[in-house]
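*Asks:* here is my input; please provide its structure:
(2 chains)
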Amino acid sequence: MSSIEFVKLEKVYKGLNEFCAVRGVDLQIDDGEFVVFVGPSGCGKSTLLRMIAGLEDISGGELYFGERCVNDLSPKERGIGMVFQSYALYPHMSVYDNMAFGLSLEKGSRETIREKVLEVARILQIDHLLERKPKALSGGQRQRVAIGRAIVRQPNVFLFDEPLSNLDASLRVQMRIEITKLHQKLKTTSIYVTHDQVEAMTMADKIVVLNQGRIMQVGSPLEIYNRPANTFVAGFMGSPTMNFIEVEAMGDQLLLQRDSDDVAYSMPFSHNGAATLGIRPEHIELQPQRDAIPVQAEVGVVEHLGNETLIYLATELCDQPLVVACGGELAPEIGSRMTVYIPLTRGHLFDTNGDAVERLVNPSLS
Amino acid sequence: MKTLKLRTRQVLFALAVAALLIFTVFPFYIAIVTSMQGGGEASLYLPTGFDLSNYVAVFREQPFFRNILNSALVSFGTVAISLLLAVTAAYALARVHFRGRTTLLLTVLGVSMFPQVAVLSGMFELIRMLGLYNNLGSLVLSYTVFSLPFSVWILTTFMRGIPKDLEEAAIVDGATPWQIITRIFLPVLWPALVTTGLLAFIGAWNEFMFAITFILGNEQRTVPVAISMISGGSQYEMPWGPIMAASVIVTVPLIALVLVFQRKIVEGLTAGAVKG
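*Replies:* Modelled structure (predicted):
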C-alpha cells in the first residue's frame, strides 16, 4: 500500500529528433485510490505508466512511492504488479506456474506459494483452470490469469495497461465490473491506462486526462464531466462529443455569430471578447426554456440507439452539425425543420486559449 | 463430364505424388537392397536375400566404429558451439537497436553464399596456423563457421516473433537476465533451437571436402571420408555391398532424428511467418 507522487516527471526520447513524450507532469495519488489515465493515442499515458513501472527510464523529475524516491529502483524493488494489454502470459507454463513464477523466484516454500496461488485463483474463479496452458484459455480467462499473476505477489501498486482492449464488448463490461469489485476488496493503489472514456468514467476514483504529454485535468469522473477545465477535456469526455459554438461575449451577455439577429442572451459567465460556447447533446432541449437560445434547424441525420436518439442538425450557429440527444421514442423526419433550445445554465464557456471560464452561479448537477 | 474431369485430376495428382515419392526414396531403397547382396554387382532392383555379411565386413575392414564416433563428436560439438553463439547473436540482433544492425544481418547472409571450395585454401592456412591439422577441432571450427549464417538467421527471426512484453512481464516478476533466458526464452525458443541444431548436425555429419582435406589418419577420419576409402577385392572392383551397408548405417540415425523432431522442424522453419 502506498501513495504515489510525481514531481515534474519527464520523458525524452533521444534520437535523430528529440521527442518529449511526457512533459513536466505533477500528480498526487492517495493510498488506495483507483486512478485512470485517459487520453487519445500517443498522449503519453502508456509511457507514463511504464515510467512508474520501471520499464522506461525517467529523463527528469522524481517519482515517489510514499516517502521513497524510486527513480533508480527496478520494477521488483518498487513492488509493483502489472497487467499488460496482451496479457503476456508465459506460453510454455500452466496457469498455476504462470501465477507462481514471481513467487518461485523469491524462493518461498512450496506450501506457501501453493496457498497463495490457490487463494488468488479462488478469488478470480480460475481455480478449475490451473493445469491448462494459456493457449487453451479464452480471452477473458487469460485476462484473469494475468490479473492473478499481478495480485499474487501482493504488490503496493497495481498497474493496468489497457487490459480490456482485446476483449469483445460484453466481456469488457463484465470484466470492468470485476476489476472494480476486486479493487473494492483489495484496496491496493491502482493506476489504469485506457483510451476508452466509458471505462474511465465507470471505474475511476480520480481521472487524469492527458494530451501530448501534458495533464489536461485531474478530478473525479463527475467533476471532469460537468466542469471540464478546457475544450480538450470537454470534447474528449462524453459521447457524442460536446457541441462547440463560436460566440462573442460582453460582460454577462452573449452574442451569437449569425446574421439573422443581434439578440444578446444573458449567461452565467463574465467574459469579454471572442469565446467558445460548449453544450452537451443531452442538455439541448426540444421545448421552449427560459434563458435558452432558440435555434432554427434542419434535420440532417437521425441515429436510433434504442435508449436514445441522436439528431444531427444543420444550423446557422456553426459549420458543424449540432448534435442533440433525446429520448428513444422520437423519430423526426430527415429534412424537416425544428426548433431546439440551448439553456445557458447548462452550457460551458471557453476563452480563446481553450480554457474554461468560471461559472458565476453553479447550476444544479442532476 | 464433371466427374471425369475430377477423376482425371485426382489420378494425375496421385501420379505426381508417387513420382515425387519414388524420386526421393529410391536411392535409399537401392542402398538397402544392395547392402544385402554379396559381390561387386551393380544394384538389382529387388532384394535377393537377407544377407548381413556386408555390414559385418564394414566394421572389420576399417575402424568404422571409431569413424562414427569421430563424426558424432564433431557434429555434436559443432551444434553446441553454433547454437550458443547463434542464440546470443540473435538476441542482440533481434532485441537491441544499434546502428548497422541491418547491414550486419545482410553481411551474415552474404557470407553464407560463399562456396566451400573458394575458402578451402584460406581455411587450410588457418587450420595449420592454429596447429589443428589432423585434429577433429579443425572440422568443428570449419563447420561452425558455415552453420552460423543460417542459424543466426533462423534464430533472429524467431526471436523477433517473441513479444517484448513477455520479457517485461518477467522483469516485473523479478527475474534476472539469466533467469529470463533460461526459464522464459529457451523453453519458448525450443522449436527453433531443434531445427537449427538438426540442420547444423546434418550439415556437419555429411560434410566431405573439409573432412578429406584436414584429416589425414584412418583413426581420425569421419564417416563420409571413411566410406569413400572402402576398397574392394581388386583395384577394378567397386565394393558396392560394403559401401551401401556403411551408407545405410550412417543414414539411419539421421532419419530417425528427423522423424522424431519433424513437427518441431516445421514449427521452427515457419516461425515468425504468421503473427500469432
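*Asks:* C-alpha from now on. contacts and neighbour counts both.
*Replies:* Noted.
*Asks:* which residues touch residue 206?
*Replies:* In the absence of a named chain, this looks at chain A. The contact partners of A:Lys206, by Cα atoms under 8 Å, 6 or more residues apart in numbering or on different chains, come to A:Glu33, A:Phe34, A:Val35, A:Val36, A:Val218, A:Gly219, A:Ser220, A:Pro221.
*Asks:* hmm, no, I was thinking of chain B.
*Replies:* B:Val223, B:Pro224.
*Asks:* distance of it from chain A?
*Replies:* B:Asn206 sits 34 Å away from chain A, going by Cα to the nearest Cα, to the nearest Å.
*Asks:* nearest residue to the residue of the stretch 101-250 of chain A found nearest chain B other than its sequence neighbours?
*Replies:* Taking Cα to the nearest Cα, chain B has its nearest neighbour within the stretch 101-250 of chain A at A:Gly102, 4.6 Å off. Residue nearest to A:Gly102 in three dimensions, not counting chain neighbours: B:Asp173, with 4.6 Å by Cα to Cα, 6 or more residues apart in numbering or on different chains.
*Asks:* wait, that neighbour sits on A:Glu77?
*Replies:* No - B:Asp173 lies out of contact with A:Glu77 (Cα atoms under 8 Å); the separation is 10.2 Å.
*Asks:* how many neighbouring residues does B:Gly174 have?
*Replies:* For B:Gly174, the neighbour count with other Cα atoms under 10 Å in any protein chain shown is 22.
*Asks:* name the nearest residue to it, ignoring sequence neighbours.
*Replies:* Among residues not flanking B:Gly174 along the chain, A:Lys76 sits closest, at 4.9 Å (Cα to Cα, 6+ apart).
*Asks:* mind listing residues that contact stretch A:68-88?
*Replies:* Under Cα under 8 Å, 6+ apart, the answer for stretch A:68-88 is A:53-55, A:57-58, A:62-65, A:142-143, A:146-147, A:150-151, A:153-166, B:163, B:165-166, B:169, B:171-174.
*Asks:* all helices in the chain, in order from the N-terminus.
*Replies:* Picking chain A for this. For chain A, the helices defined by DSSP state H occupy A:45-53, A:75-78, A:95-105, A:110-123, A:139-151, A:169-186, A:197-203, A:221-226, A:231-236.
*Asks:* not what I meant, chain B
*Replies:* With DSSP H as the criterion, chain B has helices spanning B:2-35, B:53-61, B:64-95, B:101-111, B:116-129, B:136-161, B:164-172, B:177-179, B:186-206, B:209-214, B:223-228, B:240-269.
*Asks:* low-confidence ranges in the chain?
*Replies:* Picked chain A for this. A:1, A:14-18, A:259-261, A:361-366 (pLDDT under 70).
*Asks:* chain B, not that one
*Replies:* B:1, B:38-49, B:231-236, B:268-276.
*Asks:* returning to what we had before: could you count how many residues lie near the residue of the stretch 101-250 of chain A closest to chain B?
*Replies:* A:Gly102 - counted by other Cα under 10 Å - has 23 other residues nearby.
*Asks:* what separates it from A:Ser94, distance-wise?
*Replies:* A:Gly102 sits 14 Å away from A:Ser94, going by Cα to Cα, to the nearest Å.
*Asks:* quick one: A:Arg280 and A:Met242 touch, right?
*Replies:* Yes - contact status for A:Arg280 versus A:Met242: in contact at 4.4 Å, counting by Cα under 8 Å.
*Asks:* which bits of the stretch 101-250 of chain A sit near chain B?
*Replies:* Listed as neighbours of chain B in the stretch 101-250 of chain A under the rule Cα under 8 Å from any Cα of the partner chain: A:Phe101, A:Gly102, A:Leu105.
*Asks:* give me the neighbour count for the first one.
*Replies:* Residue neighbour count, defined by other Cα under 10 Å, stands at 22 for A:Phe101.
*Asks:* contacts only, for it.
*Replies:* B:Asp173.
*Asks:* where does chain B come near chain A, residue by residue?
*Replies:* Within chain B, the positions near chain A by Cα under 8 Å from any Cα are B:163, B:165-166, B:168-175, B:184, B:187-188.
*Asks:* ok, now with 10 Å
*Replies:* Residues of chain B lying close to chain A by Cα under 10 Å from any Cα of the partner chain are B:163-176, B:179, B:183-185, B:187-188.
*Asks:* buried subset of those residues, written for PyMOL?
*Replies:* Buried residues among the residues of chain B next to chain A (16 or more other Cα atoms under 10 Å in any protein chain shown), as a PyMOL selection:
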select buried, chain B and resi 165+166+167+168+169+170+171+172+173+174+175+183+184+185+188
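*Asks:* isn't A:Ile293 right next to A:Leu344, touching?
*Replies:* Yes - counting by Cα atoms under 10 Å, A:Ile293 touches A:Leu344, with 7.5 Å between them.
*Asks:* who has more neighbours out of those two?
*Replies:* Between A:Ile293 and A:Leu344, A:Leu344 has the larger neighbour count (other Cα under 10 Å), namely 25 against 21.
*Asks:* how much space between the more buried one and A:Lys76?
*Replies:* As defined by Cα to Cα, A:Leu344 lies at a distance of 53 Å from A:Lys76.
*Asks:* so what's the nearest residue to B:Phe261 once chain neighbours are set aside up against?
*Replies:* Closest residue to B:Phe261 apart from its sequence neighbours, by Cα to Cα, 6+ apart: B:Val194 at 7.6 Å. Contacts of B:Val194 were listed using Cα atoms under 10 Å, 6 or more residues apart in numbering or on different chains, and they are B:Leu83, B:Ala200, B:Phe261, B:Gln262, B:Lys264, B:Ile265, B:Glu267, B:Gly268.
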